[in-house]
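A.B. asks: sequence first, predicted model second:
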Amino acid sequence: MPSLFIILRVVRIIFYTTTILKEKDKMKKATIYFTTILISSFLMLPLIQAETLIFSDDFTSNLSNWSTGTKESLNDAPEIYVEDGRLTWPQGYDYIETNESFTPPIRVEVDLERTQGSVGCKDFSVEFTGTDGIAGVLRLQYGATTKDTINLGSPISITQGGSSGLGVCVNDTTGYTAEMETVSPHQGTVAMTYMDNKVKFSFTNYVGETIETPWKNFEEPGSKKIRIWATAAFRYVDNVRIYSLSDASQGSENCASVNLTDMNIDMPCIMIDGVKYQAKFNFDPSIQGGLYWKLDPSSLKLAQ
């Protein structure tokens, strides 16, 4: 990835190259091509997502990092236990919840597996707790369907009975569903990211294929605990990881955006070596035969 020094050199090169090429009619196409490539390079710079692992549990011993609970309208008490280095659900609608709270921006990753049975609503739910909370849910292949499906929405209620207390199901029409063909064995990793007052959820299956929801607004300030549910027996969880995402990764969700005003390209945020910069390309109508933009050297500066 180019350093700031290299970028400044590129700015200098194109500034002088543009001046020279404009003098030569036969080089118009080369000028357009060269400038377009430079703009594309800015737009396609890889985005750095700086992250720090702040919590992990591989369930090799006990549940000392967690509290346990159950849906009170369905069960008398939770029955979750650790066996063979992973967390086992002997009954549905039990959950674990972190003892510690975590401040966003964060990403939670959970390895999970289902070995028997299928349910219509969801197999697993990962929740950021709060006044209302929000949950990412996964249903692995169900009945005659051949899809693994995810969704974002309301979490399971511990106390409320009835269907409304079950929280979002994958087949609820919310605009946040995604699906793909199922594979066997039914295992993989879910990830839930919370940053910039938005949440998204993804699932990566056994062979590395991934589905992801769109971002959903979630504006509940403060630290969050993580709650993980399974809705039936023969469900297993292992290797829970929580990452703190830096300002660079927050910016990466909004960086490389482009505003087009009066044919000028304004890039308020691009990531270069994990640092946010802004730049502007001015449209030059004097070149005929195609679109042409010239980088304004004075516009390249650190983004706020």
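C.D. replies: Arrived safely.
A.B. asks: pLDDT below threshold where in this protein?
C.D. replies: By pLDDT under 70, the low-scoring segments of the chain are 1-49, 247-264, 266-277, 285-293, 295, 303-304.
A.B. asks: outline the domain layout of it.
C.D. replies: Per automatic domain parsing, the domain ranges recorded for the chain read 4-47+257-302, 51-245.
A.B. asks: turn the ones you listed into a markdown table, columns for mean neighbour count.
C.D. replies: To be clear about C-beta, it is placed using only N, CA and C from the backbone, and glycine gets the same treatment. Shown next, in a markdown table, are the domains of the chain (neighbours: other C-beta atoms under 10 Å):
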| stretch | mean neighbour count |
| --- | --- |
| domain 4-47+257-302 | 15 |
| domain 51-245 | 18 |
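A.B. asks: can you show me the helices along the stretch 101-250 of the chain?
C.D. replies: For the stretch 101-250 of the chain, applying DSSP state H, counting those that start in this stretch gives helices covering 247-252.
A.B. asks: and the strands in it?
C.D. replies: Under the criterion DSSP state E, counting those that start in this stretch, strands of the stretch 101-250 of the chain are mapped to 106-114, 124-128, 134-139, 147-153, 178-181, 187-195, 198-205, 210-212, 216-217, 226-230, 235-245.
A.B. asks: to residue 81, which of those lies closest?
C.D. replies: Across the strands of the stretch 101-250 of the chain, residue 81 has its closest neighbour in strand 235-245 (11.2 Å, C-beta to C-beta).
A.B. asks: who does the closest one pair up with?
C.D. replies: Sheet pairing of strand 235-245 (DSSP bridges) gives strand 51-57 (antiparallel), strand 86-89 (antiparallel), strand 106-114 (antiparallel).
A.B. asks: CSV for those strands, including distance to residue 168?
C.D. replies: Shown next, in CSV, are those (distance: least, C-beta to C-beta, whole Å):
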stretch, distance to residue 168
strand 51-57, 25
strand 86-89, 19
strand 106-114, 17
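A.B. asks: out of these, which gets nearest to residue 207?
C.D. replies: It is, among those and with distance given as C-beta to C-beta, strand 106-114, at 14.1 Å.
A.B. asks: by how many degrees do that closest one and strand 226-230 diverge?
C.D. replies: Between strand 106-114 and strand 226-230, the angle comes out at 20 degrees (axes from the mean of the first three to the mean of the last three C-alpha atoms, to 10 degrees).
A.B. asks: dump strand 106-114 to PDB, restricted to CA.
C.D. replies: Presented in PDB, the C-alpha positions along strand 106-114 are these (Å, rounded to 0.1, in the frame of the first residue of the first chain):
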ATOM      1  CA  ILE A 106     -16.500  -4.200  18.400                       C
ATOM      2  CA  ARG A 107     -16.900  -7.400  16.400                       C
ATOM      3  CA  VAL A 108     -18.000 -10.700  18.000                       C
ATOM      4  CA  GLU A 109     -17.100 -14.000  16.300                       C
ATOM      5  CA  VAL A 110     -18.500 -17.400  17.300                       C
ATOM      6  CA  ASP A 111     -17.800 -20.900  16.000                       C
ATOM      7  CA  LEU A 112     -20.900 -23.000  16.000                       C
ATOM      8  CA  GLU A 113     -22.300 -26.400  14.900                       C
ATOM      9  CA  ARG A 114     -25.600 -28.200  14.700                       C
END
